[in-house]
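Trainee: have a look; sequence and predicted model below, questions after that.
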Amino acid sequence: MPSQQSGEFLQMSIKDLLISAERVAHVQIGNSLEHALLVLTRSGYTAVPVLDPHFRLHGLISTPIIMDSILGIERIEFELLERKRVEEAMNKSIPRININATLQSSLGHLVDHPFLCVEDDDGLFEGILTRRAVLMQLERFQLNKG
Ligand code: AMP
């Protein structure tokens, strides 16, 4: 792609590709691991955000994280699913992208993460940016310009 066109793509606002918060499957702080496993299995997603009642992002919970946290020495301790809360197991060290960011500043994170959580200036969860949405946009861009 010529540099002017790639510049245009990289300067796009992530707002245009966002899956908005109300369309994102999530769990809440205080939910059990059992509930999170239900949400993950029913939705078919690999990981979902953990939010508080004010829609602030606290981390991500995934099926591998849940399985790891109920793994005993000799058996899987399924009874822990009911007892443990998502905040005891979730991954808290995740990239957070500001809603006013461009694609350029998000691409590096998308190499390592299939989706990124997006927040506003007050730290409220706005939605997610998926690697898939960015690649689809890149393809559209190539087709239009090609
Ligand atoms: P996709 O781009 O559809 O392949 O999604 C990649 C990952 O992003 C999924 O496995 C989920 O972890 C997450 N994801 C995508 N869409 C949603 C959604 N509507 N709600 C929650 N998580 C999602």
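Mentor: Yep, it's here.
Trainee: contacts, neighbours, all on C-alpha from now
Mentor: Will do.
Trainee: tell me where the protein has helices.
Mentor: Counting by DSSP state H, the chain has helices at residues 3-10, 33-43, 63-69, 80-83, 86-89, 103-112, 131-145.
Trainee: can you give me the separation between the nearest residue to residue 87 once chain neighbours are set aside and residue 112?
Mentor: Leaving aside its sequence neighbours, residue 87 sits nearest to residue 29 (Cα to Cα, 6 or more residues apart in numbering; 6.1 Å). Residue 29 sits at a distance of 25 Å from residue 112 (criterion: Cα to Cα, to the nearest Å).
Trainee: so who does the residue of the chain most remote from its centre touch?
Mentor: What lies farthest from the middle of the chain is residue 74; by Cα atoms, centre = their mean that is 32.2 Å. Residues near residue 74 by Cα atoms under 8 Å, 6 or more residues apart in numbering: none.
Trainee: same question, residue 63
Mentor: Shown in contact with residue 63 (Cα under 8 Å, 6+ apart): 37, 40, 46, 47.
Trainee: top of those residues by neighbour count?
Mentor: Among the contacts of residue 63, the one with the most neighbours (other Cα atoms under 10 Å) is residue 47, at 22 neighbours.
Trainee: OK, contacts around that residue?
Mentor: The contact partners of residue 47, by Cα under 8 Å, 6+ apart, come to 40, 60, 61, 62, 63.
Trainee: the second one and residue 91: what is the separation?
Mentor: The one in question is residue 60. Distance of residue 60 to residue 91, given as Cα to Cα: 5 Å.
Trainee: before we move on, what about the fourth one?
Mentor: From residue 62 across to residue 91, the span is 9 Å (Cα to Cα).
Trainee: repeat that for the third one.
Mentor: Separation of residue 61 from residue 91 (Cα to Cα) stands at 6 Å.
Trainee: and these two? Which one has more around it.
Mentor: residue 61 (25 against 16).
Trainee: beta partners of that one?
Mentor: Beta-bridge pairing for residue 61 (DSSP bridges): residue 48.
Trainee: I'd guessed it sits against residue 50; true?
Mentor: Yes. Residue 61 is within contact range of residue 50, at 6.7 Å (criterion: Cα atoms under 8 Å).
Trainee: quick one: common contacting residues for those two?
Mentor: Shared contacts of residue 61 and residue 50, counting by Cα under 8 Å, 6+ apart, come down to 86, 90.
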